[in-house]
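J.: coordinates only, sequence not included:
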C-alpha cells in the first residue's frame, strides 16, 4: 500500500513524452501529485547544470522528498518503491525489474520516431518485435500469474512499463495492432481502465506525440541544432 505522501513532487523535462512520460505515468499510478517545469530554451538548462543538480548534464530531473533525482530508471524505481509497486520481497522485485527492462527494450523501437525513423518504419519494426518476442513473453507470463498482472496480484512498475509501450503500439499502429494476441489485448484494456491510469490518459499530464515542435525544443535546449 502506498505510504502517506506529504509533499508534491516536481518534474523538470521537455514539453513532450520522451523519457519523461514513464515518470509521469508512474507518479500518477503511485498517486503522487506533481507539478512540472518544461525546458524550451538553453539558458534554464545551463543554470541547472551550474547549480549542480544535473550531475550527468541531462534530464529528466525529479525533485521529491528533499532529493534531486536524475536518471530515468532510478527515478522510476524510487517512485515504485514509494508507491508500493515494487514487489512484496526481493524475488518479486527482481521479476519486476526483469519485465520492466524488457519493456524498455521494446520501448526503444518507438523512441526513435521523428529523430531517426519514419512512423511507417517504426510501426513495421515494432510489429515484428512484438510478434516475435514481446507479446509471446507477455502471454506466457500472464498465464503463469493468472492475476492479470505481470508480478503479484496488483499493478507494479513492470505493468506500467509495458503499458507505456502498448499505448504506443495502439496509437501508432491502430486498434488492430493487438488483435492477434487476445491475452495481450485484454491485459491492455484492463490496465487502461484502472481509474488512476484512465484519469492520467484523459488529463493534461499525458503529453502529445513527440512532434517537430518537441524535436526543435529538445535540440535548442541541448544545443544540437
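T.: Great, that's in hand. These figures come from a predicted structure and were not determined experimentally.
J.: need the contact list for residue 127.
T.: Residues near residue 127 by C-beta atoms under 8 Å, 6 or more residues apart in numbering: 173, 177. Just so you know, the C-beta spots here come from the backbone N, C-alpha and C atoms, and that holds for glycine as well.
J.: Going forward, the N-terminal residue is numbered 245.
T.: From this message on, residue numbering opens at 245, which makes the last subject residue 371.
J.: Please identify the buried residues of the helix or strand encompassing it?
T.: Assigned by DSSP states H and E, residue 371 belongs to helix 363-373. Within helix 363-373, the residues that qualify as buried by neighbour count (16 or more other C-beta atoms under 10 Å) are 366-367, 370-371, 373.
J.: Same question for stretch 280-299.
T.: When burial is assessed from 16+ other C-beta under 10 Å, stretch 280-299 yields the following buried residues: 280, 282-284, 289, 292, 298.
J.: Between the two ends of that stretch, what distance do you get?
T.: Start to finish, the residues bounding stretch 280-299 are 20 Å apart (C-alpha to C-alpha, to the nearest Å).
J.: what does stretch 416-435 give?
T.: 18 Å.
J.: which outside residues touch that stretch?
T.: Judged by C-beta under 8 Å, 6+ apart, the contacts made with stretch 416-435 from elsewhere in the structure are 354, 357, 363, 366-367, 370-371, 374-375, 379, 382-383, 386-387, 392, 399, 403, 407, 410, 413-414, 441.
J.: tell me which residues of it are tucked away?
T.: For stretch 416-435, burial by neighbour count (16+ other C-beta under 10 Å) applies to 416-417, 421-422, 425, 427-429, 431-432, 435.
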